[in-house]
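1. test case, fold it:
(one chain, ligands or ions: 2)
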Amino acid sequence: MAIIDQVGAREILDSRGNPTVEVEVLLDDGTLTRAAVPSGASTGEHEAVELRDGGDRYNGKGVTKAVRGVLDELGPAVVGAGLDATEQRLVDQVLIDTDGTPDKGRLGANAILGVSLAVAKAAAQSADLDLYRYVGGPNARILPVPMMNIINGGEHADNGIDFQEFMIAPIGASTFKESLQWGAEVYHALKSVLHKQGLNTALGDEGGFAPDLPGTDAAIAVIGEAVEKAGFKFGTDIAIALDAASTEFFADGLYSLEGKKFSSDDLVPYYEKLVADFPIVSIEDAFAEDDWDGWAAVTTAIGDKVQLVGDDLFVTNPERLAHGIEKGIANALLVKVNQIGTLTETLDAVELAHFSNYKTMMSHRSGETEDTTIADLAVAVGSGQIKTGAPARSERVAKYNQLLRIEEGLGDAARYAGDAAFPRFSAGS
Ligand SMILES: C=C(OP(=O)(O)O)C(=O)O
Ligand SMILES: [Mg+2]
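-> Numbers count the residues shown, from 1 in each chain. Ligands and ions are numbered 1, 2, ... in the order given. Model prediction:
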């Protein structure tokens, strides 16, 4: 048991060279921890507000205001409450109340999240527990399938691919360590396949390649070639997961995809064909964040064949998720801590998903730091899936490497989620 004694904050840089918030917490037993906050590019309209300065500093992207919010208001409020660091729910409530707005827009979800996560880390460290064990208890032992984003498009790259993320899911591996090795081998094979075809091997924001391919089919085909070149079976060893991030190519009621315009109704058969043609286990944001009817139609059409993940749709928000569950929309929740802004609200969203038979995928943001909290959270909540970019670039592999350490620490108790992580696996069908 240790009381929160001091809360500090500073501006640091994220993986895109943009400023972000880092918070430090000191407990009265001398425990000192820090947490850094990630930042999205294809952010959902309904996310909690990330406070940025505007003005000229860092092209208007500074976070001085958010840092000041921690130093002047959030920190003093938490310290003033005299709380033990293990009282995470009370700490998060103090943060929410101090901000006082429904979208955390006054002091910023980035400021609030930094404090929330740094307190959790401090409580774990003070109790001499790993973070995954502190948050998840004795049952935290499932290592997630790493969904490794090896071709980047959309807002995360300068190529012409509309879909944002083409991920490989090593569902056939037997341990996390093996899954990561397979992913790295495919990543390297993909580089040589692209090179041989005269395609660009420059990288996008999440460390995946950003070749100029005509569209989704071509991107999946080139990944299939790399999977086989690396000696794996496409579909059974390694399957595909996509993030269409379709809000980004939706305007005036139409989706602009691969040079054509699709109504919501037209887009459903597009996805039906994609799932029939390729070994796809998961599609995220197939429809735009407020296109509930499109979401309902695609869930009816293919929700029993493939995981359908809501990111911009649900924004890790228990209220939006509850609405989706009531309407039978999607079957999985993407979990991004900075979309909602506190650890306990994140845990509430995950709990609601699991109670409602929805799967969960823990997620990084496209702007990341060396902070590895989400790796521990994935194991803590038993989500069985994590996406944190390519198996390359330190801000991405920091999370995968932390999962290697967790698996090793768990020893015989560790379980790799494999294809059991997905609602109904139908790769290759
Ligand atoms: C990780 C993602 O991108 P961003 O962080 O840019 O929202 C995503 O859309 O799932
Ligand atoms: Mg997404």
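
2. please make it C-alpha for all contacts and neighbour counts, starting now.
-> Fine.

3. got the contact list for Ser246?
-> Phe163, Tyr255, Asp285, Ala286, Phe287, Ala288 (CA atoms under 8 Å, 6 or more residues apart in numbering).

4. tell me the phi and psi of it?
-> In terms of degrees, to the nearest 10, the main-chain angles of Ser246 are phi -70, psi -20.

5. what residues does stretch 147-156 touch?
-> Taking CA under 8 Å, 6+ apart as the criterion, the residues outside stretch 147-156 that touch it are 41-42, 159-170, 183, 187, 203-211, 219, 241, 245, 248, 366, 385-391.

6. near ligand 1, which of these show up?
-> Checked against ligand 1 using CA under 6 Å from any ligand atom, these yield the following neighbours: Ala41, Ser42, Ala245, Ser366.

7. element containing the second one, please.
-> The reference is to Ser42. Ser42 is part of no helix or strand, with elements assigned from DSSP states H and E.

8. that one against Glu248, yeah?
-> Yes. Under the criterion of CA atoms under 8 Å, Ser42 lies in contact with Glu248, with a separation of 7.1 Å.

9. of these two, who's got more company?
-> The neighbour comparison of Ser42 against Glu248 (other CA atoms under 10 Å) goes to Glu248, with 20 against 17.

10. look up the closest residue to Ile325, ignoring the ones flanking it.
-> Leaving aside its chain neighbours, Ile325 sits nearest to Ser356 (7.2 Å; criterion: CA to CA, 6 or more residues apart in numbering).

11. how about the strands in the stretch 151-300 of the chain?
-> Ranges of strands in the stretch 151-300 of the chain, per DSSP state E, counting those that start in this stretch, are 165-169, 239-243, 250-251, 254-257, 260-262, 280-284.

12. now, of those, which is deepest in the fold?
-> Of all the strands of the stretch 151-300 of the chain, strand 165-169 has the most neighbours on average by mean count of other CA atoms under 10 Å, namely a mean of 30.

13. adjacent strands (with direction) for that one?
-> Strands that pair with strand 165-169, judged by DSSP bridges, come out as strand 148-152 (antiparallel), strand 239-243 (antiparallel).

14. pLDDT at Met361, what is it?
-> At Met361 the predicted local confidence, pLDDT, stands at 98.

15. that one in helix, strand or coil?
-> strand (DSSP: H, G, I helix; E, B strand; the rest coil).

16. need the residues of the stretch 151-300 of the chain near ligand 1, please.
-> Of all the residues in the stretch 151-300 of the chain, those lying near ligand 1 are Ala245, going by CA under 6 Å from any ligand atom.

17. can you pull the contacts of the closest residue to ligand 1 within the stretch 151-300 of the chain?
-> Of the residues in the stretch 151-300 of the chain, the one nearest ligand 1 is Ala245, at a distance of 5.8 Å by CA to the nearest ligand atom. By CA under 8 Å, 6+ apart, Ala245 lies in contact with Ser42, Gly154, Phe163, Gln164, Glu284, Asp285, Ala286, Phe287, Ala288, Asp312.

18. now the last one: how far from Leu107?
-> Taking CA to CA, to the nearest Å as the criterion, Asp312 is separated from Leu107 by 22 Å.

19. also the fifth one?
-> In this structure, Glu284 lies at 30 Å from Leu107, with CA to CA as the measure.

20. for the protein, what spans make up the helices?
-> With helices called from DSSP state H, the chain shows them at 64-69, 75-80, 88-99, 109-126, 131-136, 176-196, 216-229, 264-277, 292-302, 318-326, 337-340, 343-355, 373-381, 394-410.
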